[in-house]
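Peer 1: Sequence and predicted model, in that order:
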Amino acid sequence: MSAVDSLLARLDNPRPNGRDRWRCACPVCGERNRSTLSIGVGDNGCVLLKCWKEGCGPEQIANAVGLELEDLFPPREHSASPLKRRRLITANQALELLDDEMTLMFVCGSDMARGQALDEPTRERLMVAAARIGMLRQEVRS
């Protein structure tokens, strides 16, 4: 039974009002006025409700006839396999970044091997390089 069929079965005398459209008394505030509630079916199969008398909300209307708000929506389709995580960068971009960071580390290592001290901005840049390489490792593993 579809979501709209389940709702229509619980309402008092819903009348067709076009294709996939009905009118009836709002079960919350409509009393005997048979045109206070408009019912329709959305493109995705969900039930659309509009109370023209008091502006009653869909949850109030569903609860008044013994349904929950989620009953107004078609069941969700769950895929058999989980969604695949989208990579943040391509493999080629990762290799280029790794090459750049390794070049920086090689130059700094060569300078240090010759006895040259690294200045503070260069040490900070080496820390950034190490962090980027760590992020690349995490990206490849995930």
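Peer 2: Nice, thanks for sending it over.
Peer 1: For Leu136, give me its contacts.
Peer 2: Ala94, Leu97, Leu98 (CB atoms under 8 Å, 6 or more residues apart in numbering). To be clear about C-beta, it is placed using only N, CA and C from the backbone, and glycine gets the same treatment.
Peer 1: Show me how far the helix or strand harbouring it is from its chain's centre.
Peer 2: Element membership for Leu136, per DSSP states H and E: helix 120-141. For helix 120-141, the separation from the chain centroid amounts to 31 Å (computed by CA atoms, centre = their mean, to the nearest Å).
Peer 1: quick one: buried residues of it?
Peer 2: Residues of helix 120-141 classed as buried: Leu126, Ala129, Arg132, Leu136 (neighbour count, 16 or more other CB atoms under 10 Å).
Peer 1: I figured Asn17 was touching Arg34, is that so?
Peer 2: No - Asn17 is beyond contact range of Arg34, at 10.7 Å (criterion: CB atoms under 8 Å).
Peer 1: Report the set of residues contacting both of those two.
Peer 2: Shared contacts of Asn17 and Arg34 (CB under 8 Å, 6+ apart): Arg23.
Peer 1: quick one on the thing from earlier: wait, which of the contacts of Leu136 is closest to Arg141?
Peer 2: For those, the closest approach to Arg141 (CB to CB) belongs to Ala94, at 12.0 Å.
Peer 1: Quick one: residues contacting the closest one.
Peer 2: Counted by CB under 8 Å, 6+ apart, Ala94 has contacts Leu136, Glu139, Val140.
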